[in-house]
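[1] 3D, please:
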Amino acid sequence: MKKHFIFFLSFVLSLFSLISCISNNTTESKLILKVPVHSNTNSTDSVIFTGKDINWFNADTQELSFVNPPSLNALQKFIQIKFFLGIDSLFTARIALDIMSASISNLVLHLNNRDGKFYLEDGYPNGNNVLSIQNKEKRAAAWAKFIAQLKLEGRYKE
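    Sure, this is the predicted structure:
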């Protein structure tokens, strides 16, 4: 009788452990990335990624790794990507490609042609100018929320 009770107790504990793992993996991410979509009748934002589409963000290199990264052709259709935490708008990143000759003094999602990776940078081609630094300071609170959510979801590297 005692063996059956121990077996039953082990089974129940294993079942709770399994359910806990499953529920953690199916939790929806609160991070949402949208692009503006314009038509003749209205202008809306369309979701292109969620936090589940992000492998990780590396704070040291600023690399943003996607599960299925967008192609250069797909990315060229967009001017900017809006980052949300739930329904709260965090910040907007302009798309920067190495073929651009423009200078941007705000957050960019940069597709680097040399290594094919994406980077969230404070400007393009150089994020160290005075205006880029001021813009970084303005979005510091929103950036902190973004990083906190990435950490919560296990998608942040240092």
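[2] so where's this protein shaky on pLDDT?
    Low-confidence segments of the chain (pLDDT under 70): 1-27, 39-40.
[3] adjacent strands (with direction) for the longest strand seen in it?
    The strand that spans the most residues within the chain, counting by DSSP state E, is strand 88-97. Each strand paired with strand 88-97, and its direction, by DSSP bridges: strand 80-85 (antiparallel), strand 108-111 (parallel).
[4] now that strand: buried residues?
    Residues Leu90, Phe91, Thr92, Ala93, Arg94, Ile95, Ala96, Leu97 are the ones in strand 88-97 that count as buried (16 or more other Cβ atoms under 10 Å). For every residue, glycine as well, the C-beta is placed using N, CA and C.
[5] need the residues that contact that strand.
    For strand 88-97, the surrounding residues in contact (Cβ atoms under 8 Å, 6 or more residues apart in numbering) are 72, 75-76, 78-84, 104, 106-111, 113, 120-121, 124, 139, 142-143, 145-146.
[6] wait, what's in contact with the spatially closest residue to Gly86 that is not a sequence neighbour?
    Spatial nearest neighbour of Gly86, excluding adjacent residues (Cβ to Cβ, 6 or more residues apart in numbering): Lys30 at 4.9 Å. Listed by Cβ under 8 Å, 6+ apart, the contact set of Lys30 reads Gly51, Leu85, Gly86, Gln149.
[7] now the buried members of those.
    Using 16+ other Cβ under 10 Å as the burial test, the contacts of Lys30 include Gly51, Leu85, Gln149 as buried.
[8] before we move on, the earlier item: distance to Asn135 added to the strands paired with strand 88-97, as CSV?
    Shown next, in CSV, are those (distance: least, Cβ to Cβ, whole Å):
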stretch, distance to Asn135
strand 80-85, 14
strand 108-111, 11
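[9] looking at these, which is buried most?
    Across the strands paired with strand 88-97, averaging neighbours per residue (mean count of other Cβ atoms under 10 Å) puts strand 108-111 on top, at a mean of 24.
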